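Student: my questions concern the predicted model and sequence given below.
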Amino acid sequence: MSYTQDITDCFASEIGDGGLDQIVFEDYLRKIGPFSDSLQESLEKGDLPFLALSREKDDLKIINEVAAFYRETFENIIVLGTGGSSLGGRTLCALGSSEFSDNSDAPKLHFVDNVDPHTFDFLIATTDWVRTGIIVISKSGSTPETITQFVVLWDVLQRNMTSDKAASHVVIITEPGSSPLSMFSKKIGCRVLDHDPLLGGRYSALSVTSLLPASIAGLDIDAIRAGASAVLQSMPGGGSTGFAPAEGAAVSVGLERTKATKATVLMPYCDRLSDFSLWYRQLWAESLGKRGEGTTPIRAIGTVDQHSQAQLYLDGPNDKMFTLILTDTGRRGPILPDLAAEIDGLAYLKNQTMGDLFAAASKAMAETLANNGRPTRIIRVPKVDETAMGALVMHFMLETVFAARLIGVDPYDQPAVEEGKTLTREYLARES
């Protein structure tokens, strides 16, 4: 497996009263067992596309073909979408990008997920549209933010080239049907890729919506799915003991039910996993936050938030579970020059690398949290690559679904947000 999970410091036997009692954990884990069996049955019937995708290979050919066209044709790719239509791709693409990287083989990917007019004015004014491709993602085909973004940029494209040429710059990903976006795609004659109607946006990180941008970024999308599939294949039949997603769900729900743990902090010590926390935040919040249930997901990043949030985490209310994602950084990165060790008070840096500091800080944070009675889970990822990313995606999707089962909510809907969408349309209709 491309990652390991250690929940030792989530238990009262290790951290005191703030930890979970072993008997409670085992009780919740037993409850997951029959449900994991039913998941396997549903998977075999084809009822759970977000799981079945990990085994799918037939669609990878067309995804890679479209990606190759975009890589060879454009210098910039703008990905329009919001929520799960954006966060999955953004998360995967972070593997192949860095603020300071110069990957000349791949176009620059820009995930535009908001409708702030200032940002859009700047985007329009500073983009070379002749060298820019656009990917439009909306499962329903009626997301007002995404449609607004695209209609505006389509007009910009037409002002810079012929309509036929402009259409070759665009691919739309939406579910089949007669949605506004589908009808618009037929009107302009651009390419359309189908979004599975049974696949919710926040569960689409293994689908075309995320894998197309990832392939454009030069990532091995087959390895992403293989990593996810490995986790799914390790799901035991007839029980859930030893299965990391099930144990993670049992700990999380057990702490919430018996220790009033109302928030969960995901804190990777890896810049390339920073956006993963954004994806997880939506997955956990939108899947579990129903009928007064759920815990609030909090995004953090090590070591930065040791200097901004740790005071609250360590000395504030003991109402949070912590998940630290640690990577192998020891002896990696720049070696500190001897000059550093010659400065008074910096002798401890002698012969150290930047990676050594990173590793020591993460170890210190984990130990300090546990010493202060904070439930702390450690996920170790020896190598941050496509396989590991796919595995983490599958882990947290399964953990979320298991947790939903334990608290009695449907992890696949989001009824409360519909009111806001309806009111938005009504306000605009009145003003027009």
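Tutor: Nice, thanks for sending it over.
Student: show me the domain layout of this protein.
Tutor: 4-37+227-416, 53-224 (automatic domain parsing).
Student: okay, those in JSON lines with mean pLDDT, mean neighbour count and distance to residue 422 next?
Tutor: From N, CA and C alone the C-beta is placed, and that goes for glycine too. Output for these, formatted as JSON lines (pLDDT from 0 to 100; neighbours: other CB atoms under 10 Å; distance: least, CB to CB, whole Å):
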{"stretch": "domain 4-37+227-416", "mean pLDDT": "96", "mean neighbour count": "18", "distance to residue 422": "12"}
{"stretch": "domain 53-224", "mean pLDDT": "94", "mean neighbour count": "18", "distance to residue 422": "11"}
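Student: so which of these comes closest to residue 424?
Tutor: domain 53-224 (6.3 Å; CB to CB).
Student: phi, psi for the residue nearest to the spatial centre of the chain please.
Tutor: Nearest to the geometric centre of the chain sits residue 279, at 2.7 Å (CA atoms, centre = their mean). Here the main-chain torsion angles of residue 279 (degrees, to the nearest 10) amount to phi -60, psi -50.
Student: for residue 420, list the residues it contacts.
Tutor: Residue 420 makes no contacts at all, as judged by CB atoms under 8 Å, 6 or more residues apart in numbering.
Student: now do the same contact list for residue 252.
Tutor: Applying CB under 8 Å, 6+ apart, the residues contacting residue 252 are 261, 264, 295, 321, 399, 403.
Student: adding secondary structure as columns, could you present these in a markdown table?
Tutor: Formatted as a markdown table, those follow (DSSP: H, G, I helix; E, B strand; the rest coil):
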| residue | secondary structure |
| --- | --- |
| 261 | coil |
| 264 | strand |
| 295 | coil |
| 321 | strand |
| 399 | helix |
| 403 | helix |
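Student: got TSV for these, with distance to residue 363 too?
Tutor: As requested, the contacts of residue 252 are exported to TSV (distance: CB to CB, whole Å):
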residue	distance to residue 363
261	23
264	21
295	26
321	19
399	24
403	28
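Student: what's the most distant pair in those residues?
Tutor: Taking CB to CB as the measure, the contacts of residue 252 have their most distant pair in 261 and 399, spaced 15.0 Å apart.
Student: hmm, back to that, I'd like the domains of the chain written out as TSV, with distance to residue 47 added.
Tutor: Below are the domains of the chain laid out as TSV (distance: least, CB to CB, whole Å):
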stretch	distance to residue 47
domain 4-37+227-416	11
domain 53-224	8
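Student: closest to residue 429 out of those domains?
Tutor: Among the domains of the chain, if distance is taken as CB to CB, the winner is domain 53-224, at 11.1 Å.
Student: isn't residue 214 up against residue 92?
Tutor: Yes - judged on CB atoms under 8 Å, residue 214 makes contact with residue 92 at a distance of 4.1 Å.
Student: anything in contact with each of the two?
Tutor: Between them, residue 214 and residue 92 share the contacting residues residue 224, judged by CB under 8 Å, 6+ apart.
Student: among the domains of the chain, which comes closest to residue 45?
Tutor: Here domain 53-224 is closest among the domains of the chain (CB to CB), at 12.1 Å.
Student: figure out how far that closest one is from the centre of its chain.
Tutor: Remark: domain 53-224 is offset 17 Å from the chain centroid, using CA atoms, centre = their mean, to the nearest Å.
Student: next, the distance between the ends of that domain.
Tutor: End-to-end span of domain 53-224 (CA to CA, to the nearest Å): 11 Å.
Student: the residue nearest to the centre of the chain: what's it in contact with?
Tutor: 87-88, 90-91, 202, 205, 393.
Student: re the thing from before, what's the closest of the domains of the chain to residue 431?
Tutor: It's domain 53-224; of the domains of the chain, that one is closest to residue 431 (CB to CB) at 13.4 Å.
Student: could you measure from the residue nearest to residue 396 when sequence neighbours are not counted over to residue 286?
Tutor: Excluding its sequence neighbours, the residue lying closest to residue 396 (CB to CB, 6 or more residues apart in numbering) is residue 280, at 5.6 Å. Relative to residue 286, residue 280 is positioned 11 Å away (CB to CB, to the nearest Å).
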